[in-house]
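J.: Need the 3D shape of this:
(chains A and B, ligands or ions: 2)
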Amino acid sequence: MRIDCPLCGARDRREFHYLGAAVYLDRPGPAAGPEAWDAYLHQRENPAGRGRELWCHEAGCGAWLAVERDMTSHAVVSVRLAEAGA
Amino acid sequence: MRYSAWQVIRQGLTGNRGWAPVWRDPAPRPAYDVVIVGGGGHGLATAYYLAKNHGITNVAVLEKGYLGGGNVGRNTTIVRANYLLPGNSEFYSHSLKLWEGLEEELNFNVMHSQRGVINIFHSDAQRDAAARRGNAMLAQGDDAILLDRDGVRAMLPYLDFDQARFPIHGGLYHPRGGTARHDAVAWGFARGADRLGVDLIQNCEVTGISVEGGQVRGVETTRGAIRAGKVGLAAAGRSSQVAAMAGLRLPIESHVLQAFVTEGLKPVVDHVVTFGMGHFYISQSDKGGLVFGGDLDFYASYAARGNLPMAEHVMEAGVALMPMLARARVLRSWGGIMDMTPDGSPIIDRTPVGGLFLNAGWCYGGFKAVPGSGWSFAHLIATGAPHGPAARYRLDRFARGDLIDEEGRGSQHNLH
Ligand SMILES: Cc1cc2nc3c(=O)[nH]c(=O)nc-3n(C[C@H](O)[C@H](O)[C@H](O)COP(=O)(O)OP(=O)(O)OC[C@H]3O[C@@H](n4cnc5c(N)ncnc54)[C@H](O)[C@@H]3O)c2cc1C
Ligand SMILES: [Zn+2]
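T.: Ligands and ions are numbered 1, 2, ... in the order given. Just a heads-up that it's a prediction; the model follows:
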């Protein structure tokens, strides 16, 4: 599997660290209730198809990336810088 | 037919013509008291104990492929009760006791072999952690022996004790741990359930769950609609999709875990050996193959095959621990889809839908759980009340922040 980093180009999967679903980009505010934190930390859509997730180009530029990927074929559909929004 | 040494001799002398198919292949009936979704270890054991312990025999197990074609036939067969935390400790202790009587219970040779599990450690801090875990195991009534370096050397002389990065300081030995023949466990429970009247229905994929007024009414399948008073979900890596049919979202992310086997060799690895720091563990099957594996591929996946970086990592770790492994030839590798929870512990509970019960989140440790899980899930379905040793496996523990985080790694699905 290769991921096309917007800053570095296509690189081997070994250069990247996987964190989880892209819900990690929507951290609830400190006052959000327990339901919001439960949804953020635990509950997952877990699609058997395309989904958005958060990867870090750990052994490259260090950028956090929002990657759209197919979980059944491992095809990488799109890669954006996470700071640009998921 | 009851299996026995006498039957083997008798059939052997009469040309083996008397062996009959072990279970029926019934067509689905229009309605059952209980429908179980998923014919893996957990689904089959649940059906067996529903019939055996609770007298509920109007039961169907619906399996989209063939019985035992999922993770129950893909795992590395380790059976142990070396957990630390309340919740896991009593549950796996109960399950191991059921394993110890399983062959007699099922009249089926599941090849349960208590050859002992040894977890290797490499530092003083890890020794402390191992001692603490061992004490928890003893307090639970199970067995644990803390081995020093020489103690490990006496049992596992073939390890590299002085590797620069992870020199071996000792190990935690769990003598009652071991392995079993994974397919036989599925077949044994299937045969037992069938003999008690349970319908095992293969090539029958559940495509929908009908819910009316908050109460489950039955399931839609590729072989037609089936009405049911109660429905139990035991779909392992596919739990999220099946639960979504009833409008539920689960605290689960699916990941692939790989395993490997070498060509058959003479007996050389007599125990189960785990090298946690290297993400590597190994045992030897009764056929002689060295069976080993490592960690998840670490990213979400529904492809029941893994990627090469993890294969490479596992081989490296194995050879670092056990240099002789470099001369063995790997025969096959495969993968299975794990339903990973944010704390690494499973769920056996009711759901917000009446009559719909959930058994999921077994991560990569659900094989040893098969008898205990079936026992507890059957109890929950039959009585509506949680069964003691599984009472902490609640679905709402995540929302309440009451996690059972055995590894102490925090709420991230792929870290457990
Ligand atoms: C490589 C590997 C190594 C492992 N090693 C160990 C180990 O050493 N020790 C240990 O304790 N555990 C281990 N495990 C974990 C263990 O195998 C699983 O936790 C356990 O088998 C899961 O429960 P099960 O047997 O019911 O799952 P499965 O056998 O996967 O059963 C689930 C069934 O549900 C069916 N299904 C799914 N969706 C539907 C649907 N819509 N309709 C009908 N049927 C459906 C599937 O076809 C499948 O047969 C390992 C797993 C893997 C992959
Ligand atoms: Zn980069």
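
J.: What pLDDT is listed against A:Val23?
T.: pLDDT recorded at A:Val23 is 95.

J.: List the contacts of residue 67.
T.: Chain wasn't specified; assuming chain A. Shown in contact with A:Val67 (CB atoms under 8 Å, 6 or more residues apart in numbering or on different chains): A:Ile3, A:Arg52, A:Glu53, A:Leu54, A:Trp55, A:Val76, A:Ser78, A:Val79. For every residue, glycine as well, the C-beta is placed using N, CA and C.

J.: could you do chain B instead?
T.: By CB under 8 Å, 6+ apart, the residues touching B:Leu67 are B:Gly39, B:Leu44, B:Val61, B:Ala186, B:Trp187, B:Ala190, B:Leu200, B:Gln202.

J.: Can you identify each of the strands in chain A by residue range?
T.: Applying DSSP state E to chain A gives strands spanning A:2-5, A:9-12, A:17-21, A:50-56, A:64-70, A:76-81.

J.: and the last one, how far from the chain's centre?
T.: Computed by CA atoms, centre = their mean, to the nearest Å, the chain-centroid distance of strand A:76-81 equals 9 Å.

J.: same thing with the third one?
T.: Between the centre of strand A:17-21 and the centre of its chain there are 5 Å (CA atoms, centre = their mean).

J.: Next, see if it gets close to chain B.
T.: Yes. Strand A:17-21 reaches chain B (CB under 8 Å from any CB of the partner chain) through A:Tyr18, A:Leu19, A:Gly20, A:Ala21.

J.: How many residues are close by the residue nearest to B:Ile347 when sequence neighbours are not counted?
T.: By the measure of CB to CB, 6 or more residues apart in numbering or on different chains, the closest residue to B:Ile347 outside its immediate chain neighbours is B:Gly361, 4.5 Å from it. Per other CB atoms under 10 Å in any protein chain shown, the neighbour tally for B:Gly361 reads 26.

J.: Let me see the contact set for B:Gly361.
T.: Neighbouring residues of B:Gly361 by CB under 8 Å, 6+ apart: B:Ser239, B:Leu250, B:Pro251, B:Ile252, B:Asp339, B:Met340, B:Thr341, B:Ser345, B:Pro346, B:Ile347.

J.: could the residues you listed be laid out in CSV, adding secondary structure?
T.: Supplementary listing: the contacts of B:Gly361 in CSV, determined by DSSP: H, G, I helix; E, B strand; the rest coil:
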residue, secondary structure
B:Ser239, helix
B:Leu250, strand
B:Pro251, coil
B:Ile252, coil
B:Asp339, strand
B:Met340, strand
B:Thr341, coil
B:Ser345, coil
B:Pro346, coil
B:Ile347, strand
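
J.: which among the contacts of B:Leu67 gets closest to A:Glu83?
T.: Distances from A:Glu83 to the contacts of B:Leu67, taken as CB to CB, are shortest for B:Gly39 (46.5 Å).

J.: roughly how far apart are that closest one and B:Arg80?
T.: Separation of B:Gly39 from B:Arg80 (CB to CB, to the nearest Å): 25 Å.

J.: between these two, who's got more neighbours?
T.: Taking neighbours as other CB under 10 Å, B:Gly39 and B:Arg80 compare with B:Gly39 leading, 30 against 24.

J.: helix/strand/coil for that one?
T.: coil.

J.: repeat for the one 5 residues further on
T.: The local conformation at B:Leu44, judged by three-state DSSP, is helix.

J.: again with the one 3 residues further on
T.: For B:Ala47, the secondary structure call by three-state DSSP comes out as helix.

J.: Return the residues in contact with it.
T.: B:Ile36, B:Val59, B:Val61, B:Phe189, B:Ala193, B:Val198, B:Leu200, B:Gly374, B:Ala378.

J.: taking those one by one, which sit in helices?
T.: Taking DSSP state H, the ones among the contacts of B:Ala47 that sit in helices are B:Phe189, B:Ala193, B:Gly374, B:Ala378.

J.: ok so B:His94 is a helix residue?
T.: Yes. The assignment for B:His94 by three-state DSSP puts it in a helix.

J.: Dump the residues of strand A:17-21 next to chain B into a markdown table; add distance to ligand 2 as well.
T.: Listed next are those as a markdown table, based on distance: CB to the ion, whole Å:
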| residue | distance to ligand 2 |
| --- | --- |
| A:Tyr18 | 15 |
| A:Leu19 | 15 |
| A:Gly20 | 19 |
| A:Ala21 | 21 |
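
J.: Pull out the buried residues from the helix or strand where B:Arg133 lies.
T.: Using DSSP states H and E, B:Arg133 maps to helix B:124-139. Under the neighbour-count criterion of 16 or more other CB atoms under 10 Å in any protein chain shown, helix B:124-139 has B:Gln126, B:Arg127, B:Ala129, B:Ala130, B:Arg133, B:Gly134, B:Ala136, B:Met137 buried.

J.: Show me which of these is closest to B:Asn109.
T.: Checking the buried residues of helix B:124-139 one by one against B:Asn109 (CB to CB), the nearest turns out to be B:Met137, at 27.7 Å.

J.: I'd guessed that closest one sits against B:Asp143; true?
T.: Yes. Applying CB atoms under 8 Å as the test, B:Met137 and B:Asp143 come out as touching, 6.9 Å apart.

J.: Spit out the residues that contact the two alike.
T.: What both B:Met137 and B:Asp143 touch, as defined by CB under 8 Å, 6+ apart, is the set B:His174.

J.: Run the chain-centre distance for stretch B:291-301.
T.: In terms of CA atoms, centre = their mean, the gap separating the centre of stretch B:291-301 from the centre of its chain is 15 Å.

J.: Tell me how confident the model is about it, as a mean pLDDT.
T.: Mean predicted lDDT for stretch B:291-301 stands at 96.

J.: How about stretch B:25-33?
T.: Mean predicted confidence for stretch B:25-33 is 98.

J.: residues in contact with it?
T.: Contact with stretch B:25-33 is made by B:56, B:58-60, B:62, B:199-202, B:204, B:218, B:221, B:223-230, as judged by CB under 8 Å, 6+ apart.

J.: hmm, it touching ligand 1?
T.: No. Stretch B:25-33 stays out of contact with ligand 1 when judged by CB under 6 Å from any ligand atom, the minimum separation being 11.7 Å.

J.: Tell me which residues of that stretch come out buried.
T.: Buried residues in stretch B:25-33 (16+ other CB under 10 Å): B:Pro28, B:Tyr32.
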